[in-house]
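**Student:** need a 3D model of the sequence below.
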Amino acid sequence: MSIPFSNTHYRIPQGFGNLLEGLTREILREQPNNIPSFAAAYFENLLEKREKTNFDPAEWGAKVDDLFYNKHAFKEQEPPEKEKSQPPVTEEAPVTVMEVSEEDKEREEIAAVKIQAVFRGHLAREEVKKMKDGDVQEEKKQEDN
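**Tutor:** Numbering: from 1, shown residues only. The predicted model follows:
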């Protein structure tokens, strides 16, 4: 038997909301026909990136949320004794939010050009509309005289 008005609140795991936001953003951007298969491919790609770069977006999202609420996650922490004795690893740094690839820059530039063209077209149509309205008013004045 279920209770229709239960006072139960479920906790969302840290970082999960950010993962879903990322998925939602990509779905809106790509407009796929089959959303479940797109989501599966998206998460597989995310998992591959995480394994290659050791950068976990869910963990990072949890830290960002923590930073927003109480700033504990970004306080300087001393590494454990094991890590102090090991030499630094010379791997490629994980991709951060601020880095943008050349392909993304080109996409953004193309999108900006399209937006500007649409806006200019809108302004031109408005100007033509005003000109037509002015011509119609002049014709009415001439007919009245």
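**Student:** the longest helix in the chain is where?
**Tutor:** helix 102-144 (DSSP state H).
**Student:** which of the three states applies to the spatially most central residue of the chain?
**Tutor:** Nearest to the mean C-alpha position of the chain, by C-alpha atoms, centre = their mean, lies Arg25 at 5.0 Å. The local conformation at Arg25, judged by DSSP: H, G, I helix; E, B strand; the rest coil, is helix.
**Student:** and the pLDDT at it?
**Tutor:** Arg25 is assigned a pLDDT of 90 by the prediction.
**Student:** what are the C-alpha coordinates of the helix or strand hosting Gly17, in PDB please?
**Tutor:** Taking DSSP states H and E as the criterion, Gly17 maps to helix 16-30. The C-alpha trace of helix 16-30 is given here as PDB (Å, rounded to 0.1, in the frame of the first residue of the first chain):
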ATOM      1  CA  PHE A  16      24.400  13.800 -11.000                       C
ATOM      2  CA  GLY A  17      22.400  17.000 -11.700                       C
ATOM      3  CA  ASN A  18      25.400  18.400 -13.600                       C
ATOM      4  CA  LEU A  19      25.600  15.200 -15.700                       C
ATOM      5  CA  LEU A  20      22.000  15.500 -16.500                       C
ATOM      6  CA  GLU A  21      22.300  19.200 -17.400                       C
ATOM      7  CA  GLY A  22      25.200  18.300 -19.800                       C
ATOM      8  CA  LEU A  23      23.100  15.600 -21.400                       C
ATOM      9  CA  THR A  24      20.100  17.900 -21.700                       C
ATOM     10  CA  ARG A  25      22.300  20.600 -23.300                       C
ATOM     11  CA  GLU A  26      23.600  18.200 -25.900                       C
ATOM     12  CA  ILE A  27      20.100  16.800 -26.600                       C
ATOM     13  CA  LEU A  28      18.900  20.400 -27.200                       C
ATOM     14  CA  ARG A  29      21.900  21.200 -29.300                       C
ATOM     15  CA  GLU A  30      21.900  18.000 -31.500                       C
END
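**Student:** okay, buried residues for it please.
**Tutor:** The neighbour-count check on helix 16-30 (16 or more other C-beta atoms under 10 Å) flags Asn18, Leu19, Gly22, Leu23, Glu26 as buried. C-beta here means a position set from N, CA and C on the backbone, and glycine is covered the same way.
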